[in-house]
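Trainee: Here is the input, now give the coordinates:
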Amino acid sequence: MTTWYDNLEKPPFTPPKSVFGPVWTVLYIFIFTALAVYFLSPEKTNLLQVTPVLLVHFAASFSWTRLFFGQKKILAALLDLLLIDITLIVVIILFFQVSPLAGSLLLPYLCWGLFAAYLNWEIYRLNPEKK
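Mentor: Here you go, the predicted structure:
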């Protein structure tokens, strides 16, 4: 069955759909582990800064799929991804202050987020009629 996404013009380096599940499985393990390491650290001096940034980050993360696939709003999804990436950078910096391990565990997620922003931008650029 062909979907809306299948009919979009996609950039080079777009992975096959079968890659996304395994990548996200690994990323979720890293994210969960980073959160556990951070929250189990005895001295979380920046907890008041981390908490609202994490809440914004996860709210934006959960909304991307709905924006892109559900509402087919490619530009709105791109802007959402930029918010995801910016808040993730802030979280990584704050995590590193408490635990370098927690911050390091989020670096693959940031790489994937930046790659996703590239893909989203290119899909937006290559599909002007879908804007």
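
Trainee: what sits against S99?
Mentor: Going by C-beta atoms under 8 Å, 6 or more residues apart in numbering, S99 touches 37-38, 41. The way it works is simple: take the backbone N, C-alpha and C, and place the C-beta from them, glycine included.

Trainee: now it: how far from V90?
Mentor: 16 Å (C-beta to C-beta, to the nearest Å).

Trainee: What segments of this protein are strands?
Mentor: Taking DSSP state E, the chain contains no strands at all.

Trainee: Any idea which residue is closest to the centre of it?
Mentor: Residue closest to the average C-alpha location in the chain (C-alpha atoms, centre = their mean): G113, at 4.2 Å.

Trainee: pretty sure that one is touching D80, no?
Mentor: No. If you go by C-beta atoms under 8 Å, G113 and D80 don't touch, sitting 11.0 Å apart.

Trainee: thinking again about what came up before, confidence score at the residue nearest to the centre of the chain?
Mentor: We have a pLDDT of 98 for G113.

Trainee: Considering the contacts of S99, which possesses the most neighbours?
Mentor: Y38 (25 neighbours; other C-beta atoms under 10 Å).

Trainee: Hmm, L48 and L94 touching each other?
Mentor: No. Contact criterion C-beta under 8 Å: L94 and L48 do not qualify, at 10.3 Å.

Trainee: Have a look at those two and say which one is more surrounded.
Mentor: Higher neighbour count among L94 and L48: L94, with 21 against 8, using other C-beta under 10 Å.
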